[in-house]
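> Please find the sequence and the predicted model below.
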Amino acid sequence: MLTMDDIVREGNPILRAVASEVMMPPTQEEKETLKKMREFLINSQDDEIAEKYKLRAGIGLAAPQIGISKRMIAVYIPEEDKIHDYTLFNPKVISHSVENTYLEGGEGCLSVDREVPGYVPRHARVKVKAYNIDGKEITLKLKGLPAIAIQHEIDHLDGIMFYDHINKADPFAIPDHCATN
Ligand SMILES: O=CN(O)C[C@@H](CC1CCCC1)C(=O)N1NCCC[C@H]1C(=O)Nc1ccccn1
Ligand code: NI
């Protein structure tokens with residue numbers, strides 16, 4: 001199973017590299033890796049397992065964070081009525097709302113062992129094209145936390161860190177086009 005020892009920390013150049021597209025159909029090894037990324041998120045959200053293995057809770061993970069410069073991400077967000085459970089190859093935002101949003105508490109990152117205060121502007125709604133674990137092309141329309149998370153993960157594939165988006169002059173300036181949080 002993946003643990004925090006497998007998570008690459010800022011300073012490692014892989015986090016600033018543009019990750020490579022994955023050839024479809026994915027190899028068995030690429031599918032296994034994506035499954036392990038998803039399992040890490042599920043484990044990290046299980047109080048007992050997280051405590052036992054000292055896992056920091058995560059709702060998303062990108063392959064470069066485990067040292068693999070490939071365009072693969074996992075998002076696992078339990079909500080009241082459903083679980084946003086995505087394991088994707090080559091995700092791409094193909095359209096987005098003009099409206100922006102941001103997490104009130106700012107963002108963090110499992111690869112960043114420090115607090116970086118400030119609002120991170122994100123598209124409020126995104127349409128994402130990707131390939132699922134079996135290599136089938138899918139389209140997702142996301143809003144809210146799933147939309148924020150998937151943008152955070154796709155940024156990792158392009159070597160972008162969440163704090164790159166924070167307004168340097170005024171980290172808590174309300175980003176443009178924000179109707180609500
Ligand atoms: O690239 C992937 N990562 O770096 C893991 C990040 C991804 C999220 C950051 C913002 C959107 C996606 C992650 O999950 N975290 N970052 C560190 C703190 C804990 C955790 C987190 O934000 N949890 C959370 C947030 C809102 C509601 C519930 N839980
Ligand atoms: Ni991150």
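Yes, it's here. As the structure is a computational prediction, the values presented were derived from the model and not from experiment. Numbers count the residues shown, from 1 in each chain. Ligands and ions are numbered 1, 2, ... in the order given.
> Identify each buried residue in stretch 43-57, please.
By neighbour count on 16 or more other C-beta atoms under 10 Å, the buried set for stretch 43-57 is Asn43, Ser44, Gln45, Tyr53, Leu55. Where C-beta positions appear, they are placed from N, C-alpha and C, glycine not excepted.
> Kindly report the same for stretch 129-146.
Those would be Ala130, Tyr131, Ile133, Leu140, Leu142, Leu145, Pro146, for stretch 129-146 by 16+ other C-beta under 10 Å.
> rewinding a little: reformat the buried residues of stretch 43-57 into CSV and put distance to ligand 1 next to each item.
Output for those, formatted as CSV (distance: C-beta to the nearest ligand atom, whole Å):
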residue, distance to ligand 1
Asn43, 13
Ser44, 8
Gln45, 8
Tyr53, 16
Leu55, 11
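> And the closest residue to ligand 1 within the chain, what's its pLDDT?
Per C-beta to the nearest ligand atom, the residue of the chain with the smallest distance to ligand 1 is Gly108, at 3.0 Å. For Gly108, the pLDDT comes out at 98.
> What of Ala124?
Per the predicted model, pLDDT is 98 at Ala124.
> Check the one 5 residues further on too.
For Lys129, the pLDDT comes out at 99.
> how about the residues of the chain near ligand 1?
57-62, 65, 107-111, 145, 148-149, 152-153, 156 (C-beta under 6 Å from any ligand atom).
> Narrow these to those that are buried.
58-62, 65, 107-111, 145, 148-149, 152-153, 156.
> Filter those down to the ones in helices?
The helices, defined by DSSP state H, take in Leu145, Ile148, Ala149, His152, Glu153, His156 from those.
> helices or strands up against the helix or strand where Asp85 lies?
Secondary structure assignment for Asp85, by DSSP states H and E: strand 83-96. With contacts taken as 3 or more C-beta pairs under 8 Å, 6 or more residues apart in numbering; DSSP states H and E, strand 83-96 sits against helix 28-44, strand 72-78, strand 125-131, strand 137-143, helix 144-157.
> This completes my enquiry, with thanks.
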